[in-house]
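Undergrad: starting from these lines, generate the structure:
(one chain, ligands or ions: 1)
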Amino acid sequence: MATTKIDERTRWDTLHKNGPFPLKRFLTTKLEKTSTGLNDFARYNDAATEVQRLIQRAADTHERFRAIGSKWSMSSIAHCEDRMHFNSFMNLKFSIFEGEMHENTAYEHSNLFWLQCGNQIKEISIFLEQRGKSLKTSGASNGQTIAGCISTGVHGSGIAIGSVQDYVVGLNLITGPRPEDILYIERKSKPALRDTYAQNFKAIVIRDDEIFNAALVGLGSMGFIHGVVIEAENLYLLHRYVKKIPKAEALQLADSLDFNNYDPKIPNADFNGVHPFHYKVFMNPYNTNEDMYAVEFIYKIKYYENYKSDFGNPIPFQKEFVYLDLIYLFIKIAEKIPKAIPKLINALKTSILPKEEKTTVGKLSEIFWDAGFQGRAFACSFGVDHTQSSKALELLAALTRKHPVPGIFAMRFIKSTEATLGFSKFPFTCMVEIDGIQWDDDENIISLKEYSKKMIEVLKDNNIPFTLHWGKNANWEFPNLTEHMYGTERVKKWKKVRNRLLSVPMQEVFSNDFLDTVKLSEPLPLDDDLIV
Ligand SMILES: Cc1cc2nc3c(=O)[nH]c(=O)nc-3n(C[C@H](O)[C@H](O)[C@H](O)COP(=O)(O)OP(=O)(O)OC[C@H]3O[C@@H](n4cnc5c(N)ncnc54)[C@H](O)[C@@H]3O)c2cc1C
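TA: The predicted model follows:
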């Protein structure tokens, strides 16, 4: 039997200490041991039974229940005061064989994998690489769980790929304690697996695009994601180079994403006119004299075995590089200047982003490597249409100069998602992000709550449509925020699917304060349900 350890707690915190948050119980489920002779299907189903028992227990005690992944979100999206369920030990992985594919599928069976929720990006990459495969994209680093990633919409700068949820082709949800609450959902327009395969997991099959798309970025509130089916691809290499280019050139590329006639002039490589796999612009908002911006170009190239003999082992390089993730870059700059926050901000006015002109080549898992900083940090991240990226960056940077906070900016670009509440909703979304370290109230600078409110206001005042990264800091209380970002129809669509998948009592079990705040926990009234 899978077993759950229940710890009585008073509080918990995120990786970057964005809490602490009050908590009654912290639940950790471990799978049945392999030594008992159960096969992996039986161990998986046994874990499902255990999760259903825990859901029933929460419902019986009128408490809320929330799965958490690696606790990397900086918003309170993973928080629930009653029962939080840590699922990182639930990490079974299944390859899919030809006979298990749906008769009308367009997917190649060797690219599909059924992954239990708690698998972390790093361990998935290791598993895939042993089979000659790779994830299509990830975030800047690799510690999140697969269920945690898709629940907020984790992205890198996948201009042609999208976000993590965009290569998920099937979802195995547990929406309540009854046998019929174990579901396997995929798009009707893109079927993947045979019903008989899903029945190995005792799941009822639903093929429906609208349901799938709404459940895909489910904010932890569409039930318990027990497993996902991902589409991987053959191993490839990434050629990475960070250089400084004129500010106007960096912004023009951001606004147009037109690389057709662009030559990045990378030593010993010809990427003239090639569209990058990933394009990222870094910006220190305080140094207005800087006329060159640091940009990260990553190009996809064909995989070959002995790339390390040509380019060296990428890992030691990546470890010493500063342009890994934005918080880490900030920390590296801040190391050299005074610790006191106002002095640090002042010093940023003349601080120049460092140089890093060195080629690295490696697999996705080697380029998007471990997070280099674990202390107190904040991150705010806005999605805007890429054609408005330079305008949004300038507005947010000007606001930051007026109300200084200890952070720096970056922009990343993502292809549109089909997920109903995915923040990469524009044809190409530019994520304008500011990351940095937290400050204390007595430091005489604007509070994070007030600063993030002003960020929303400045975009609204300038008629720039935007979204917000669900897993990052924001003024989530801002009136009518979710409808402003997604429009009434999308919000209704998402709620309609929630009504369809979860009974009203189960919607309460799978809600949290965050969902209440963003006005998504209230079930859709029946009349509205009918007319959407
Ligand atoms: C160092 C660092 C780097 C980051 N880099 C990036 C980046 O490059 N790009 C980016 O987009 N984001 C980035 N983020 C944000 C972070 O990746 C996301 O917030 C992500 O969702 C966190 O995943 P997690 O596994 O930690 O999930 P958690 O933060 O623990 O949970 C996130 C959500 O998933 C839900 N959830 C988890 N498991 C389940 C389940 N089994 N069933 C149902 N719901 C579930 C939770 O309830 C919660 O709502 C970064 C964060 C950090 C700390």
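
Undergrad: and the contacts of stretch 434-448?
TA: Residues outside stretch 434-448 that contact it (C-beta atoms under 8 Å, 6 or more residues apart in numbering) are 16-18, 285, 325-327, 330-331, 334, 341-342, 345, 375-381, 396, 400, 403-410, 454, 473. Where you see a C-beta, it was placed from the backbone N, CA and C, and this is true even at glycine.

Undergrad: does that stretch reach the ligand?
TA: No. Against the ligand, stretch 434-448 shows no contacts by C-beta under 6 Å from any ligand atom, the least distance being 8.5 Å.

Undergrad: Thr152: neighbour count?
TA: For Thr152, the count of nearby residues is 28 (other C-beta atoms under 10 Å).

Undergrad: wait, what's in contact with the closest residue to it other than its chain neighbours?
TA: With sequence-adjacent residues excluded and distances taken as C-beta to C-beta, 6 or more residues apart in numbering, Thr152 is closest to Gly471, at 3.6 Å. Listed by C-beta under 8 Å, 6+ apart, the contact set of Gly471 reads 72-75, 77, 152-154.

Undergrad: run the last query once more with 10 Å
TA: Counting by C-beta atoms under 10 Å, 6 or more residues apart in numbering, Gly471 touches 14, 69, 72-75, 77-78, 139, 144, 148-149, 151-154, 219, 379, 381, 423.

Undergrad: what about it, which SS state?
TA: For Gly471, the assignment made with DSSP: H, G, I helix; E, B strand; the rest coil gives coil.

Undergrad: can you name the residues of this structure sitting close to the ligand?
TA: Residues of the chain lying close to the ligand by C-beta under 6 Å from any ligand atom are 15-16, 66-73, 77-78, 87, 117, 139-141, 144-145, 147-149, 151-152, 154-156, 219-220, 224-225, 325, 371, 469, 471.

Undergrad: if I look at the residue nearest to Thr152, how far off is Phe514?
TA: Distance of Gly471 to Phe514, computed by C-beta to C-beta, to the nearest Å: 10 Å.

Undergrad: now for these two: what residues contact both?
TA: Joint contacts of Gly471 and Phe514 (C-beta under 10 Å, 6+ apart) are 73, 75, 77-78, 219.

Undergrad: distance between stretch 472-483 and the chain's centre?
TA: Remark: stretch 472-483 is offset 18 Å from the chain centroid, using C-alpha atoms, centre = their mean, to the nearest Å.

Undergrad: and if you look at stretch 395-412?
TA: For stretch 395-412, the distance to the chain centre is 22 Å (C-alpha atoms, centre = their mean).

Undergrad: one more: stretch 264-283?
TA: Taking C-alpha atoms, centre = their mean, the mean C-alpha location of stretch 264-283 is offset from the chain mean by 24 Å.

Undergrad: what is the end-to-end distance of that stretch?
TA: This stretch, stretch 264-283, spans 18 Å end to end (C-alpha to C-alpha, to the nearest Å).

Undergrad: then stretch 125-138?
TA: OK, stretch 125-138 end separation, C-alpha to C-alpha: 10 Å.

Undergrad: how near is the residue most central in space within the chain to Asn91?
TA: The residue lying closest to the centre of the chain (C-alpha atoms, centre = their mean) is Val154, at 1.6 Å. Counting by C-beta to C-beta, the separation of Val154 from Asn91 is 18 Å.

Undergrad: ditto for Asn39
TA: On the measure of C-beta to C-beta, Asn39 and Asn91 end up 16 Å apart.

Undergrad: neighbour count for these two, which is higher?
TA: Ranked by neighbour count (other C-beta under 10 Å), Asn39 and Asn91 place Asn91 first, with 18 against 8.

Undergrad: make sure that one is indeed in a helix.
TA: No. Going by three-state DSSP, the assignment for Asn91 is coil, not a helix.

Undergrad: per-residue pLDDT of it, please?
TA: Note for Asn91: predicted pLDDT of 98.

Undergrad: pretty sure it is touching Ile121, no?
TA: No. Using C-beta atoms under 10 Å as the test, Asn91 is too far from Ile121 to be in contact (11.6 Å).

Undergrad: shared neighbours of the two, anything?
TA: With C-beta under 10 Å, 6+ apart, Asn91 and Ile121 have common neighbours 145-146.

Undergrad: which SS state does Asn499 fall under?
TA: Recorded secondary structure, Asn499: helix (three-state DSSP).

Undergrad: ugh, wrong one, I meant Asn260
TA: Quick answer, by three-state DSSP: Asn260 is coil.

Undergrad: same check, this time on the one 3 residues further on
TA: Assigned with three-state DSSP, Asp263 falls in the coil class.

Undergrad: what sits closest to it if chain neighbours are left out?
TA: Per C-beta to C-beta, 6+ apart, closest to Asp263 is Asn272, 4.1 Å.

Undergrad: also Glu8?
TA: In this structure, Glu8 finds its nearest non-sequential neighbour in Arg25, 6.3 Å apart by C-beta to C-beta, 6+ apart.

Undergrad: cool, Ala250 as well?
TA: Nearest residue to Ala250, sequence neighbours excluded (C-beta to C-beta, 6+ apart): Tyr293, at 4.1 Å.

Undergrad: circling back: show me which of the contacts of stretch 434-448 are buried.
TA: Those of those that meet the buried threshold are 16, 18, 285, 325-327, 330-331, 334, 341, 345, 377-381, 396, 400, 404-410, 454, 473, by 16 or more other C-beta atoms under 10 Å.

Undergrad: for the stretch 251-400 of the chain, what spans make up the strands?
TA: 278-283, 292-302, 360-362, 377-385 (DSSP state E, counting those that start in this stretch).

Undergrad: and those strands: which comes nearest Met485?
TA: Nearest of the strands of the stretch 251-400 of the chain to Met485, taken as C-beta to C-beta: strand 377-385 at 8.5 Å.
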